[in-house]
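**Student:** based on what follows, work out the 3D shape:
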Amino acid sequence: MQPQPPTRLLQPGQSYADMCATVRPQVPARFNIGVDALDRWADGPERTALIYQDPDGSVERFSFARIRALANRLANVLQALGVGQGDRVGILLGQRPETAVAHMAAFRMGAISLPLFTLFGPDALEYRLANSGARCLITDRANLPKLAEIRDRLPELRQVLLVDGDGADGADGLWPLLERARDSFAAVDTAADDPAILIYTSGTTGPPKGTLHAHRGMPGHYPAIEFTHDFFPHAHDLFWTPADWAWAGGLFDALFPAWHYGVPVLAHRAAKFDPEQAFALMAEHRIRNAFLPPTALKMMRQVPQPHERHDFAMRSIASGGESLGGELNEWGRQTFGLAINEFWGQTECNLLTGNCGALGLHKPGSLGVTTPGHGMAVLDEDRQPLPAGRTGQLAGRYPHAIAMLRYWNNPAATAEKFADGWVLTGDFGRQDEDGFFWFEGRADDLISSGAYRIGPSEIEDCLLKHPTVAMAAVIGAPDPVRGDIVKAFVVLRPGEAADDGLKARLQDHVRQRLSAHQYPRALEFVDELPLTATGKVRRRDLRERERARQLQ
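**Tutor:** The predicted structure is shown next:
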């Protein structure tokens, strides 16, 4: 018998007002992401879950049944290695089948998956693995040198599994273990509120914070996914995003919800985003749905006449992270024949607002309207809702299924985030008379660069570890393509010479120790930094100085 697809919560013909009045996330008391994403489809006729195009161009298809069998095998392997319910399983891989299998296995056994970006350097990895107390790490040979540098400082990390290993590297090969394991596994009967995934923020005023999300988070996302992808799903839909599967956007806004609806996902992430190749992928695989970050769209816009070389036909495109603006939106409409639906949210509470072109709810540059099933407001300093046109802090109603459970081992920060029935985002904006939200600025020092949210503190700490640096401050400097770029202001130790050679070495120091997306693309040597009375760097003064300089 053909399995029945899940009921779509939003129906064409419904008004937005009716949606907001009647739609609520359907969260059962017992729920498991790994069961919901696989079992309905794996038990029916063969259905494609994943299309993997590896770097050499070869393509392999994985059915839902095969993904489930591999996830069950991995769950048995992890269980035999001593990983139990609630233990953290690090996943240091890019877009590839083993990444998806690892998440599904962790969910099905009641463990907590820990996605990690492959461009992280040893310092960034050490902090997240140590802070989370990860018990096991699944990665590949390319990441072994970084891991070797920090392994002796990670006493809780008991096991490393290599997707391309055979045991000769001091780490177990994943595939040999999978081949010997059983492909049946009784999934843990998790409560919807049980923890499922731990994703670290970028860190703004301090070290990155781990946002602990429950299984309930995915049902919380479904109304917003349907909304921002124009009544997702339709027949023949196929999803792709260039966003890394280590980020909430790649997982919560693409992979996990697509599988809930039985929609296949293309897995492919080049070492460097190639806009021409993006169009080629869309055409070759008949991609119909995509989450494309603004930087990807800006780069794709530079490809002349893409339709002359690539026969693509998109049905829905969503984007988030920064405003696209009217001109880029119009290019998208002319190129793809549809409205690009911008949305907004945070790692802590994702997809709070969005546009929906299919409903005619679309204002270029806006954050969109409140997605059905959620609650949004603009708050004053007393956390009271403000009328339309007034600027205040953007906040989501709490409790809500999409909100994180808590910050990992950080009750003080959790208490600051959830207050008076709201999730306080720290972002400022306004709501217009039509109900659309508009971004105005941030309360913190978060840097929005391309598809990434980057906190300055971790970069500053990394720079301070260099023997030539006395003080450092990091801000976001305006950039026409990325929105912002990371810019560092550095005070050198006495006797050090400020020259281009040192600048390059400091940039490379951050690139190697942290990540390629965090290194300062701009670096300026200064004699002193603006400080508060208590000795804290006034990053706001540096941002204002930088913007004034660019206006000259």
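**Student:** in the stretch 451-552 of the chain, which spans are helices?
**Tutor:** 456-464, 500-513, 539-551 (DSSP state H, counting those that start in this stretch).
**Student:** what's the closest non-adjacent residue to residue 126?
**Tutor:** In space, residue 126 comes closest to residue 150 once its chain neighbours are excluded; the distance is 4.2 Å by CB to CB, 6 or more residues apart in numbering. Every C-beta, even on glycine, is put in place using the N, C-alpha and C of the backbone.
**Student:** and the gap between that neighbour and residue 127?
**Tutor:** 10 Å (CB to CB, to the nearest Å).
**Student:** ok so, going back, dump the helices of the stretch 451-552 of the chain into a markdown table; add mean pLDDT, mean neighbour count and distance to residue 172 as well.
**Tutor:** Below are these laid out as a markdown table (pLDDT from 0 to 100; neighbours: other CB atoms under 10 Å; distance: least, CB to CB, whole Å):
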| stretch | mean pLDDT | mean neighbour count | distance to residue 172 |
| --- | --- | --- | --- |
| helix 456-464 | 83 | 22 | 31 |
| helix 500-513 | 95 | 16 | 27 |
| helix 539-551 | 83 | 14 | 45 |
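**Student:** can you put the ones you listed in a markdown table and add distance to residue 100?
**Tutor:** A markdown table is the format used below for the helices of the stretch 451-552 of the chain (distance: least, CB to CB, whole Å):
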| stretch | distance to residue 100 |
| --- | --- |
| helix 456-464 | 28 |
| helix 500-513 | 28 |
| helix 539-551 | 38 |
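**Student:** closest one to residue 184 among these?
**Tutor:** Among these, helix 456-464 comes nearest to residue 184, with 42.6 Å by CB to CB.
**Student:** could you list every helix and strand in contact with the closest one?
**Tutor:** helix 122-132, strand 469-479, strand 483-492, helix 500-513 (3 or more CB pairs under 8 Å, 6 or more residues apart in numbering; DSSP states H and E).
**Student:** how far is that helix from where the chain is centred?
**Tutor:** 22 Å (CA atoms, centre = their mean, to the nearest Å).
**Student:** that helix vs strand 483-492, what angle?
**Tutor:** Per axes from the mean of the first three to the mean of the last three CA atoms, to 10 degrees, the angle that helix 456-464 makes with strand 483-492 is 40 degrees.
**Student:** contact partners of helix 456-464?
**Tutor:** 123-124, 127, 202-208, 445, 447, 469, 471-475, 486, 488, 490, 506, 509-510, 513-514, 518-520, 539 (CB atoms under 8 Å, 6 or more residues apart in numbering).
**Student:** which residues of this structure score low on pLDDT?
**Tutor:** By pLDDT under 70, the weakly predicted segments of the chain are 1-4, 167-170, 203-206, 441-445, 451, 532-536, 552.
**Student:** if we can go back for a sec, and the helices of the stretch 451-552 of the chain: which comes nearest residue 186?
**Tutor:** That would be helix 456-464 among those, by CB to CB, at 40.5 Å.
**Student:** export the closest one to PDB, keeping only CA atoms.
**Tutor:** Coordinates of each C-alpha in helix 456-464 appear next as PDB, following Å, rounded to 0.1, in the frame of the first residue of the first chain:
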ATOM      1  CA  PRO A 456      33.400  38.700  17.300                       C
ATOM      2  CA  SER A 457      34.600  37.300  20.600                       C
ATOM      3  CA  GLU A 458      35.900  34.000  19.300                       C
ATOM      4  CA  ILE A 459      37.900  35.800  16.600                       C
ATOM      5  CA  GLU A 460      39.300  38.300  19.100                       C
ATOM      6  CA  ASP A 461      40.400  35.600  21.400                       C
ATOM      7  CA  CYS A 462      42.100  33.800  18.500                       C
ATOM      8  CA  LEU A 463      44.000  37.000  17.500                       C
ATOM      9  CA  LEU A 464      45.100  37.500  21.100                       C
END
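**Student:** buried sites along the longest helix seen in the chain?
**Tutor:** Secondary structure of the chain per DSSP state H: the longest helix is helix 64-80. The neighbour-count check on helix 64-80 (16 or more other CB atoms under 10 Å) flags 64-79 as buried.
**Student:** which of those sits closest to residue 355?
**Tutor:** residue 64 (30.9 Å).
**Student:** OK, contacts around that closest one?
**Tutor:** 38, 41-42, 47-49, 259, 262.
**Student:** ok, residue 271 next?
**Tutor:** residue 55.
**Student:** does residue 394 count as helix, strand or coil?
**Tutor:** Here residue 394 is strand, with the state taken from DSSP: H, G, I helix; E, B strand; the rest coil.
**Student:** and the closest residue to residue 491 other than its chain neighbours, how many neighbours?
**Tutor:** Once flanking residues are discounted, residue 491 sits nearest to residue 471: 4.0 Å by CB to CB, 6+ apart. A count of neighbours around residue 471, defined by other CB atoms under 10 Å, yields 17.
**Student:** so how far is residue 358 from residue 311?
**Tutor:** 23 Å.
**Student:** how about residue 400?
**Tutor:** 24 Å.
**Student:** next: residue 326.
**Tutor:** Distance from residue 326 to residue 358, by CB to CB: 20 Å.
**Student:** so for these two, which sits in the more crowded spot?
**Tutor:** Neighbours per residue, other CB under 10 Å: of residue 326 and residue 358, the larger number sits with residue 358, 20 against 11.
**Student:** so the more buried one touches residue 234, yeah?
**Tutor:** No: applying CB atoms under 8 Å, one finds residue 358 not in contact with residue 234, separated by 10.4 Å.
**Student:** any idea what the closest residue to residue 427 other than its chain neighbours is bridged to?
**Tutor:** In space, and not counting its chain neighbours, residue 427 is closest to residue 394: 4.8 Å by CB to CB, 6+ apart. Residue 394 has the following beta-bridge partners by DSSP bridges: residue 378.
**Student:** for residue 394, give me its contacts.
**Tutor:** 352, 376-379, 425, 427-429, 437, 439.
**Student:** again, 7 Å this time
**Tutor:** 378, 425, 427-429, 437 (CB atoms under 7 Å, 6 or more residues apart in numbering).
**Student:** end to end on stretch 151-171, go ahead and measure it.
**Tutor:** 12 Å (CA to CA, to the nearest Å).
**Student:** quick one on the thing from earlier: how far off centre is the longest helix of the chain?
**Tutor:** From the chain centre to the centre of helix 64-80 is a distance of 24 Å (CA atoms, centre = their mean).
**Student:** list the contacts of the residue lying closest to residue 322 once chain neighbours are set aside.
**Tutor:** Leaving aside its sequence neighbours, residue 322 sits nearest to residue 483 (CB to CB, 6+ apart; 4.3 Å). Shown in contact with residue 483 (CB under 7 Å, 6+ apart): 294, 322, 448-450.
**Student:** now the helix or strand that contains residue 99 against helix 64-80, angle please.
**Tutor:** Residue 99 is located in helix 97-108, with elements delineated by DSSP states H and E. Using the same axes, to 10 degrees, one finds that helix 97-108 and helix 64-80 are set 60 degrees apart in direction.
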